[in-house]
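> Just need the structure, nothing else, for what follows:
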Amino acid sequence: MSAPGKSSRWGSLLSQAVAGVEARLDTILSEEEQSKQASKSSLSPAPAKPPSAPSRSASNSRTNDRLQERLARAVAAKQAHKAESSSTKPTPVTTPRQSVDVASRASSEDIEPASKSTSAQQSPRPSEDVPQRPSQEVQPSTPEPATGEEGDKEGTASTDVPTDETAPLDASILVTETPTATAEPTTNTPDTSPTQSQEERIKQLERELEEARLQQQEETHGYVEQIDALQAKLQYLSRETTDAARKAAQEAPSGSLEKKLAEKDQQIAQLMEEGKNLASTEQKLRTLIKGLRVKITEGEKEVNSVKSSRSKLETELDNLRKRSRRADDLEKYQEELHKRIGQSQKDIDALRSEVAARDKTISDLRSQLQKAKDDAKAVTAKINDEALEKERQRVKELEEDIAALQVEKNLITDRAKLRENELKEKAERAAERARVVEVEMKAELQIMESKLEAMRMRAEETSSGAIGDSQAKLLRQVETLQTQYSIASENWQGIEATLLARITNLEKERDEALQRESEMRKKAREAALRARRQEEELEETKTKLPTFQEDVKSYQVQLESLKKRAEEAEAALAAARADFEKQKASWKEEKAESRDQDRRGAWLEDLPGSTFKSNSRPASPLLSAPQRTLSSDLLGLASLSNKLRKHSATSSNGDPAERFSSRRPSAQPPSRPSIQATMSGLPSAGLFSPTSETVPTPSTNAADRDEAFEGVERSSSPHQIVQDMVSVSTVAAGPSVQLVERMSAAIRRLESEKVATREELARISNQRDEARAEIVTLMRELESNKAAARRLTELEAEVAEVNERYETTLELLGEKSELVEELRADVDDVKAMYRDLVERTVK
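Numbers count the residues shown, from 1 in each chain. Now for the predicted structure:
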C-alpha cells in the first residue's frame with residue numbers, strides 16, 4: 001500500500017512542477033512578443049544610428065529567468081513541430097532567437113537523432129543563420145534588442161566592438177564615404193574631425209566594453225548559479241526516482257502494474273545518467289562546432305575586408321586617373337616645394353649658427369666668471385700679503401716699544417738708586433748728629449763726674465773739718481745731678497728711638513713708592529699696549545671694510561650681469577629652439593599635407609601660404625642688450641661708505657684727544673704709517689677705481705688718534721718721569737694722578753670707538769649676509785629652472801609611454817572582446833545542452 005501512495009505523491013509533484021512551468025512559459029512568451037514588437041518599431045525609423053548599449057534593467061530581469069525561457073522555447077518548439085506536421089510549410093517560432101536555438105538543437109539531434117521530422121524541419125535553419133552573422137558584422141549600427149540568447153550576444157557584440165572588428169567597420173565607413181570624395185574632389189582643407197570622432201568612438205567603445213563586461217559577469221554568475229542549482233536538482237530527483245523505483249520494485253508484487261511503473265522509473269533514472277554522459281560528449285562536439293563557426297566568421301570578415309579593399313582600390317584608381325591629368329601642376333608644385341625646402345634649410349643653418357654663437361657667448365660668460373673668481377682669489381691673496389706686511393710693521397713697532405720701555409726701566413732704576421743714596425746720606429747725617437750729641441753728652445757726663453769727684457773731695461775735706469751742713473748740701477747737689485743725668489739719658493734714648501722709627505718709616509715709604517710706581521708703569525704699559533692693539537684692529541678693519549664692500553658690490557654686480565646675460569642667452573636659445581621647432585613642424589605639416597594631397601588628388605585648389613615668411617624671427621636680444629659697466633653700480637656703495645666714515649669721523653672729533661694734541665708739539669712723526677700709504681699698494685683695477693677717492697678718509701682719523709695717543713706716550717717720556725719722581729720725592733704723595741686720568745680718558749675714548757666700529761661691522765656683515773642670501777636665492781631659481789627643463793623631458797617620455805600603453809590596451813581590448821564572444825558561444829552551447837535535457841525529461 002505504501003508503493004501506490006509514493007507513486008501518486010511523485011505524480012502529484014510532477015504535475016505541480018509542469019503546471020508551474022507552463023504558467024511561467026506563458027508569461028515569458030507574452031514578454032518576448034512585446035519585446036519583439038518594440039525591437040521592430042525601433043529598427044524601422046533609424047537604421048543608421050550609432051549602436052546603443054542594451055538596457056541594464058532588462059538584463060538584470062532576464063538573468064533570473066533563463067531556465068524558464070529555455071523551457072518555454074522548448075515547449076514552443078514542440079508546439080510548432082506539431083503544427084508544422086499538419087501543414088507542409090514550416091512556421092517560425094515567435095522568439096527571435098530560433099535560428100541559433102534550432103541550429104544548435106539540429107546539431108545535437110544530428111548526433112543523436114530522435115525523429116526524422118524534427119531533423120527535416122530544422123535542417124534549413126543554419127542556412128538562415130549563416131547570412132545573418134555577416135550582415136550584423138558589416139552593419140553593426142542596427143542591433144536587435146536583447147530578448148534572448150542570440151539577441152544578447154548580438155547586442156553586446158554590436159555595442160562592444162573590439163579593435164580587430166574596427167577594421168571592417170572603418171572599411172564600411174570608407175566605402176560609404178568614397179562617393180562623396182569623388183563627387184567633391186576640389187575641397188582640400190585638412191579635416192581634424194575624423195580624429196576627434198575616432199577618439200569619441202574609442203571612448204564610447206571603452207564605456208560599452210566596461211558595461212558589457214559587467215553584464216557578462218552578471219550573466220555568467222547567474223548562469224553558473226542556475227546550472228549548479230539545476231544539476232543539484234536533477235541529481236536529487238534522479239536519486240529520489242531511482243530510490244523510489246527500487247523500493248517500489250522491491251515492495252511491489254511481481255507482474256503488477258506498480259512494479260512495472262517502478263521499473264520504468266528506474267529506467268528513466270538510468271536514461272538521465274546516460275543523458276549526462278551524452279551531454280559531456282555533446283559539449284565536446286559543440287566546442288568543435290564553435291571553432292567551425294569562428295572560422296566561418298573569420299572567412300566572412302576576410303570576404304568583407306576584400307570587398308572594402310576592392311572598393312578602396314577602385315577609388316584609388318579614379319584618383320590616379322585624375323592625378324595623371326594634373327601631372328604638370330604637380331611638377332610646378334614640386335618645384336615650389338623644393339624652393340621652400342631650400343629656404344627652410346637656409347633658415348635652419350642660420351639658426352644653427354645663431355645657436356653656436358649663443359653657446360660661444362655662454363662659454364665666454366663662464367670664462368669671465370672663472371676669471372672673476374681668479375681675480376677675487378688674487379685680491380684675497382694680495383690682502384693677505386698686505387696683512388702680513390702690517391703684522392711685520394706691528395712687530396717692528398712692538399720691538400721699538402720694548403726698547404723704549406727698556407730705556408724707561410733703566411731710568412727708573414737710576415732714579416731709584418739716586419733716591420736710595422739720598423736717603424742713605426740723610427740716615428748717615430742723622431747718625432752723625434746722634435753721635436755728636438752722644439759725644440757731647442759723654443763729655444758733659446765726664447765733666448759732671450769730675451765735678452762729682454771734686455765735690456766728693458770737698459765733702460771729704462769738709463767732713464774731716466766736721467762741717468755737716470756743707471756736706472749735706474753737696475750730697476743734695478750730687479743727687480740732683482744724678483737725676484738730671486738719668487733724665488737726659490732717657491731723653492736721648494727717646495730721641496734715638498724716634499729717629500730710628502723715622503728711618504724705618506722712610507724706608508718703607510720708599511719701598512711702597514717704588515712698588516706703586518712699578519705697578520702704575522705696568523698698568524700704563526698694558527693700557528698703552530691694549531689701546532695700540534685696539535687702534536691697530538680698528539685701522540685694519542677700517543682698511544679692510546672698503547675693500548670688502550667693494551669686493552662684495554663688484555661680485556654682486558658681476559654676478560647680476562652674468563645672470564642677466566645667461567638668462568638672456570637662455571631665453572634667446574629657447575626662442576631659437578621654439579622657432580626651429582615651429583619651422584620644422586610647419587615643414588613636416590606641409591610635407592604631410594603634400595602627401596595627403598597626393599593621396600586624395602585634391603591639393604592644387606587650396607595651396608597653403610608661405611609659412612616661412614611669417615616666421616621671420618626678430619634680431620637676437622643679446623646683440624642689442626647694453627653692456628653695463630660696474631663703475632656706476634660701485635659708486636653708490638662708495639658714497640654710502642663715505643657717509644659712514646664721515647659720521648664716524650665727526651663722532652670722534654669731539655674726543656679728549658684734542659687736548660693732548662694741543663698740549664704737545666707735533667714735532668715727532670707718527671709712530672705708525674698712515675692707511676693711505678698701505679692702501680696705495682692696492683691694484684688700481686677698473687672694478688675698484690670708483691672707490692679709490694674715498695679711501696684716505698679713515699687715515700686722517702687714524703692719524704688724529706695716533707697723535708692723541710702719542711701725546712699720552714710722550715707724556716711718559718724720561719724727562720717727564722724724572723719730574724714726576726722729583727715731585728713724588730718732594731711731596732711724598734705717590735705717582736702722578738694726572739697720568740692715570742689721561743690714560744683712563746684715552747681708554748674710554750678707545751672703547752667708545754671700538755663699540756662704534758663693532759656696530760658698523762655688524763651692519764656691514766648684515767648687508768653681506770643679505771647679499772649672500774640673494775645670491776643663494778638666484779642660484780636656487782636657476783636650479784629650479786633647470787629641474788623644470790629636466791622634468792619637461794621626463795614628462796614627454798611619460799607621454800610617449802602612455803601612448804604605447806594606450807595602444808597595448810586597445811590590443812588587449814580586442815583580445816578580451818574575442819574571449820567574450822567565445823564565452824557567450826560556450827554559454828549558448830550550455831543552454832542548448834540543458835534545453836535538450838529538459839526536452840528529453842519532458843518527453
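
> how about residue 437, what does it touch?
Contact analysis of residue 437 by C-beta atoms under 8 Å, 6 or more residues apart in numbering lists 492, 495. C-beta coordinates here come from the backbone N, C-alpha and C atoms, glycine included.

> just checking, next helix/strand downstream of the strand or helix carrying it?
Assigned by DSSP states H and E, residue 437 falls within helix 327-464. Next in sequence after helix 327-464, counting helices and strands by DSSP H and E, comes helix 468-600.

> Next, the angle helix 327-464 makes with that following helix.
180 degrees (axes from the mean of the first three to the mean of the last three C-alpha atoms, to 10 degrees).

> and helix 468-600, what's its mean pLDDT?
The average pLDDT within helix 468-600 is 78.

> same deal with stretch 304-320?
Stretch 304-320 comes out at a mean pLDDT of 85.

> what comes up buried for that stretch?
Across stretch 304-320, burial judged by 16 or more other C-beta atoms under 10 Å covers 304, 308, 311, 315, 319.

> so is the fourth one in a helix, a strand, or just coil?
Using DSSP: H, G, I helix; E, B strand; the rest coil, the secondary structure recorded for residue 315 is helix.

> Could you report the distance from it to residue 323?
13 Å (C-beta to C-beta, to the nearest Å).

> Over to the first one?
Taken as C-beta to C-beta, the spacing of residue 304 relative to residue 323 amounts to 28 Å.

> same check, this time on the second one
With distances taken as C-beta to C-beta, residue 308 is found 22 Å from residue 323.

> Could you figure out how far the helix or strand encompassing residue 774 is turned away from helix 468-600?
Using DSSP H and E, residue 774 maps to helix 737-842. Counting by the same axes, to 10 degrees, helix 737-842 lies at 30 degrees to helix 468-600.

> list the buried ones in stretch 195-206?
With burial defined by 16+ other C-beta under 10 Å, the residues of stretch 195-206 counted as buried are 201, 205.

> Repeat that for stretch 557-572.
557, 558, 559, 560, 561, 563, 565, 566, 568, 569, 570, 572.

> With stretch 287-298 instead?
Residues of stretch 287-298 classed as buried: 289, 290, 293 (neighbour count, 16+ other C-beta under 10 Å).

> Can you report how many residues lie near residue 543?
Per other C-beta atoms under 10 Å, the neighbour tally for residue 543 reads 23.

> helix, strand or coil for residue 253?
coil.

> and the closest residue to it other than its chain neighbours, what is it in contact with?
With sequence-adjacent residues excluded and distances taken as C-beta to C-beta, 6 or more residues apart in numbering, residue 253 is closest to residue 259, at 6.7 Å. Neighbouring residues of residue 259 by C-beta under 8 Å, 6+ apart: 248, 249, 252, 253.

> in the stretch 101-250 of the chain, which ranges drop under the pLDDT threshold?
Scanning the stretch 101-250 of the chain for pLDDT under 70 picks out 101-194.

> one more time with 90, if that's ok
101-213, 215-250 (pLDDT under 90).

> returning to that earlier point: now the residue nearest to residue 253: which helix or strand?
Using DSSP H and E, residue 259 sits within helix 257-325.

> relative to helix 737-842, how tilted is that helix?
120 degrees.

> just checking, residue 283 touches residue 834?
No - contact criterion C-beta atoms under 8 Å: residue 283 and residue 834 do not qualify, at 10.7 Å.

> one step back: can you tell me which of the contacts of residue 259 has the largest number of neighbours?
The most crowded member of these, judged by other C-beta under 10 Å, is residue 248 (24 neighbours).

> how close does that one get to residue 317?
Taking C-beta to C-beta, one finds residue 248 at 82 Å from residue 317.
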